[in-house]
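1. Quick one, fold the following:
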Amino acid sequence: MSHLFDAKAPLWLNKSVDDVATTKEWNGFLGELQDAIQQQLVESHVQQFTDLSEAEKILFEEKGLRMLSGGETHQQLFHALSRATETNLNDQVSKEFELNSPYQTRSEAIHAGVVEGIVSLLYKWPDLKSQFVRFLNQSLPLGLRLHVWRVYFNNEYVLQQYHRILHSNPQQAISIDDYGISERCKQILSKEPSLKDMHGSTGAWYAMKAVLSYYHAMKSSQQRLTDSEILLIAPFLQVIQHRIARHEPPPTAVVEVLVQEYFTFMSGRPKFMVDTGHEENESALKHFTARVIALARQADAEIINVFAAALAPGREHGADFSDQDDDMYLAGAMMPLMKTLLKPFFVGILGMDALLFIWDQYVVSLDMPGLQEEFVAIAVACYFILMKAPLKAGANLAAFEKALKTEGLKLLARDFQYLINRFYFSDLYRLINFDKTAPILDPTQNPNTGRVDGGIQPNWRQWLVEEGRTDRVRSDEREHRRVQREADKQRIFGLEDELHRSEVKREAAEEALRIERERQAKEDAEELIRLRRDREYLDEQVRAEKLRRLEDQQRHEEEMRRLRMELRQGQEGVAGDASQRLGTAGWKRPATGESAAGELFLFPPPPSRATHYSPLPWYKKAQNAVHDLEPEAQALEMIVGMVEATAHAARKACHGSGAHTDVLNDVTRLGIVQHTDDMRDAERQVFGRVLREGELDEMEESDKRVFTDKMMQIIIRKVNARRQRDLDNEKKY
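-> This is a model prediction of the structure:
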């Protein structure tokens, strides 16, 4: 248990034990106990007490204690212990008053000392909690209630599971509706009248939200928590409230205690308190309601007639609604009203004083289910009786529910205690003191004190008829059973050893799996880094290529502009020279007609094989067109053709031609489709759906980086798988 709830034995209790251990009453009681055990050994034909198993030793000791219970030596020991505890407690309180300034009265100090001693014994021997049933119809003291509830609702399995989840995956302990639960807790703490002590308490809100969020997460349900499930944590929070600061989050130990108590209570509720809609729960609630009707009629029949007149008109039997069939009919009509009370177990309907009193009785009777159900029925019956005046003013179920929720907050614990003590306590007392164990056959025992209730035991013959005759066990049979027990013990040890070995193997396998996962994660991270670097390198190459092409394009354009300018300047210069020559020298006629005719009609020789060539298509096109153009236009056309030829060659080198272009386009299209499919699969695995366009860019930078890394890992795995598959196919062929 947490250190907040551990308790050491006070000095006065330790001193009382030491004092009693040296008295003659204690020695006399031990001597008679040994004699009683020896008598059982003789009757069972066992030579030594050490020959018995641990279970048999405990049985013999319990039988011996029951033989001495109520006897003279037992009474003497009881009085000696009472004197020692009373003396030592008073001495300790007196010393405290002498040494320190008293901040409480003497009776309060004695009460606090008694509570301290009870708590220390309770944590040392938790099985003693069954003795708290003696507090029936009494509210537990404030300092004792926390520890009694703590022991009754202690659940190590729930605590270990909570620790395991917090250490392995804390997000798993948070509900998907954590914000909604938080807001509803804040609203309930601020508006619920019965929880006014916790209004504005930040610590209570944190504790309430943490427990309910974890409870909803463990339910693995998409439905929100009901109002009843939220309200049911209020009593536990109220009891432990003094351990929670108002303006700070609660300690971890407090949350752990609340988790244990709430989970244990929710899993152990009687069927009539759980509204699941199943037939079994509805039947249990109907029979429980019928029992409430019978108990209420026992104290005040008028309240039953009030319900009958409003909920079951026409089925009254005169002035008393008492027929059993009619009771079941009325029980069915009252079930919605009962659910209003039992689903939150009166939380929000009763004031905290009366509520904690009823919960105290529920807790101390947990070890006795029959007593527990009976007391809850009595509490409901008393509640109806106390609310008779407001209920008489109602005419239907809605009016009854409104009256119960508004007027019930005025009731106090002493109102319930009075009715229970007057009408029902004798029946509860018989349930508490009912002895279900077999009688102890001891001829020396006083028949008037042999039982807890002081009744006279039946004669021997009646015992044999009721309990059945026990066959005598022979010594060889006992030896055989002892050997069998040893064999069973060895077999159990072997099973435990085998279980331990299997556990070690499982842990080793888990460790190997963890190491393999870490290695794989490391390799994936390295591969991701490599791919990022490759992508950055390729991006840099693409940027450089774009820049180079842009520079080439600018250089070509500049060259084209320069050539055009030079061509234009050349044309202007040629035209100027020609006009100048014509204007100054004039036109000269050839000297003779033969020389002129020879110049006009002289044909060039035919081309030889060495001088023949085939011009390029662009040159042929330009050659066919130049005959119709001016000289400067012909030069410009030739330059444009050269540039087009250069661009054509570049396109062919980059994109191919003919069938190669189609193949390259198909491969590019397939790559785009595969990349799109990979992106969508990665989004489905990471987000559970396909993102809309631009949704990833709208996220926070840290979240976008995390999700992008996860998606890249998935895409990398898919690309590597396709690459490996292609390599395998190439190896086959």
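
2. Mean confidence (pLDDT) on stretch 41-52, please.
-> For stretch 41-52, mean pLDDT rounds to 82.

3. Give me the residue ranges of this protein where confidence is low.
-> 1-7, 101-102, 313-325, 434-476, 570-634, 650-659, 733 (pLDDT under 70).

4. per the record, what domains does it have?
-> 1-124, 152-268, 273-432, 475-552, 659-732 (automatic domain parsing).

5. Tally up the residues packed near Glu486, please.
-> Using other Cβ atoms under 10 Å, Glu486 has 11 neighbouring residues. Quick note: C-beta positions are derived from backbone N, CA and C, even for glycine.

6. With the one 5 residues further on instead?
-> For Arg491, the neighbour count with other Cβ under 10 Å is 10.

7. Check Pro390 too.
-> With other Cβ under 10 Å as criterion, Pro390 counts 17.

8. circling back: out of the domains of the chain, which is closest to Leu136?
-> Leu136 lies closest to domain 273-432 among the domains of the chain, at 6.0 Å (Cβ to Cβ).

9. Between the two ends of that closest one, what distance do you get?
-> One end of domain 273-432 to the other measures 23 Å (Cα to Cα, to the nearest Å).

10. Mind listing residues that contact the helix or strand hosting Glu32?
-> Under the criterion of DSSP states H and E, Glu32 resides in helix 24-43. Defining contact as Cβ atoms under 8 Å, 6 or more residues apart in numbering, one finds that helix 24-43 is touched by 20, 47-49, 60-61, 63-65, 67-68, 71, 73-74, 76-77, 79-80, 442.

11. ok and the helix or strand following it relative to helix 24-43, angle-wise?
-> Sequence order places helix 54-68 as the next helix or strand after helix 24-43, per DSSP H and E. Counting by axes from the mean of the first three to the mean of the last three Cα atoms, to 10 degrees, helix 54-68 lies at 120 degrees to helix 24-43.

12. Number the chain from 18, please
-> Yes, from this point I'll number from 18; that puts the last item at helix 71-85.

13. Name the residues of helix 71-85 that are buried.
-> Applying a neighbour-count criterion of 16 or more other Cβ atoms under 10 Å, one finds 73, 77, 80-81, 83-85 buried in helix 71-85.

14. After that helix, which helix or strand is next?
-> Next along the chain from helix 71-85, counting by DSSP H and E, comes helix 89-116.

15. tilt between the following helix or strand past that next one and helix 89-116?
-> Per DSSP H and E, helix 89-116 leads on to helix 123-141 as the next helix or strand towards the C-terminus. Going by the same axes, to 10 degrees, helix 123-141 is angled at 120 degrees with respect to helix 89-116.

16. Give me the residues contacting helix 123-141.
-> 18, 22-27, 29-30, 102, 106-107, 109-110, 113-114, 119, 121, 145-146, 158, 160-161, 164-165, 168.

17. how much distance is there from it to the middle of the chain?
-> 37 Å (Cα atoms, centre = their mean, to the nearest Å).

18. The helix or strand following it versus helix 123-141: what angle between them?
-> Next along the chain after helix 123-141, taking DSSP H and E as the criterion, comes helix 159-169. Calculated by the same axes, to 10 degrees, helix 159-169 forms an angle of 10 degrees with helix 123-141.

19. I'd guessed Leu248 sits against Phe363; true?
-> No. Under the criterion of Cβ atoms under 8 Å, Leu248 is not in contact with Phe363, lying 9.5 Å apart.

20. more neighbours, these two?
-> Between Leu248 and Phe363, counting by other Cβ under 10 Å, Phe363 is the more crowded of the two (25 against 20).

21. Nearest residue to that one in space, please, no chain neighbours.
-> Nearest residue to Phe363, sequence neighbours excluded (Cβ to Cβ, 6 or more residues apart in numbering): Leu372, at 5.7 Å.

22. any chance you could map the helices in the stretch 518-667 of the chain?
-> 610-617, 634-643, 648-672 (DSSP state H, counting those that start in this stretch).

23. swap that for the stretch 318-467 of the chain, sorry
-> 318-328, 341-359, 369-381, 386-403, 405-409, 414-424, 430-436, 442-449.

24. right, so of the ones you listed, which gets closest to Arg560?
-> Taking the helices of the stretch 318-467 of the chain one by one with Cβ to Cβ, helix 341-359 is closest: 71.9 Å.

25. and the angle for the closest one with helix 414-424?
-> Going by the same axes, to 10 degrees, helix 341-359 makes 50 degrees with helix 414-424.

26. and helix 341-359, how far out from the chain's middle?
-> Distance of helix 341-359 from the chain centroid (Cα atoms, centre = their mean) equals 36 Å.

27. Counting by contacts, list what it packs against.
-> For helix 341-359, the elements it packs on are helix 296-316, helix 318-328, helix 386-403, helix 414-424, judged by 3 or more Cβ pairs under 8 Å, 6 or more residues apart in numbering; DSSP states H and E.

28. Leaving out sequence neighbours, find the closest residue to Gln691.
-> Arg739 (7.5 Å).

29. How many neighbouring residues does the one you found have?
-> Counted with other Cβ under 10 Å, Arg739 comes out at 12.

30. Could you report the neighbour count for Asn582?
-> To be clear, residue 582 is Met; Asn isn't right here. 10.

31. how close does the closest residue to Lys409 other than its chain neighbours get to Tyr231?
-> Nearest non-adjacent residue to Lys409, counting by Cβ to Cβ, 6+ apart: Val323, 5.4 Å away. Here Val323 is placed at a distance of 43 Å from Tyr231 (Cβ to Cβ, to the nearest Å).

32. Between the two, which is the more surrounded one?
-> Tyr231 (25 against 19).

33. Please name every helix or strand in contact with the host helix or strand of the more buried one.
-> In the assignment (DSSP H and E), Tyr231 maps to helix 219-236. On a contact count with 3+ Cβ pairs under 8 Å, 6+ apart, helix 219-236 meets helix 195-208, helix 244-248, helix 251-256, helix 269-284.

34. who wins for proximity to Phe401 among those?
-> Nearest to Phe401, of these and by Cβ to Cβ, is helix 244-248 at 20.0 Å.

35. Could I get the CA-only coordinates of the closest one as CSV?
-> The C-alpha trace of helix 244-248 is given here as CSV (Å, rounded to 0.1, in the frame of the first residue of the first chain):
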residue,chain,number,x,y,z
ASP,A,244,-24.0,10.8,-15.6
SER,A,245,-24.4,8.0,-13.1
GLU,A,246,-20.9,6.6,-13.8
ILE,A,247,-19.5,10.1,-13.2
LEU,A,248,-21.5,10.7,-10.0
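
36. Now do that helix: everything it contacts.
-> 198, 201-202, 205, 209, 225, 229, 232, 283, 292, 360-361, 364-365.

37. Name the residues of that helix that are buried.
-> 245-248.

38. likewise stretch 168-175?
-> Applying 16+ other Cβ under 10 Å to stretch 168-175 flags 168-172, 175 as buried.

39. which among those gets closest to Lys236?
-> Once Cβ to Cβ is applied, the member of those that ends up nearest Lys236 is Val175, at 13.7 Å.

40. quick one: the closest one is in a strand?
-> No. Per DSSP: H, G, I helix; E, B strand; the rest coil, Val175 lies outside any strand segment and is helix.
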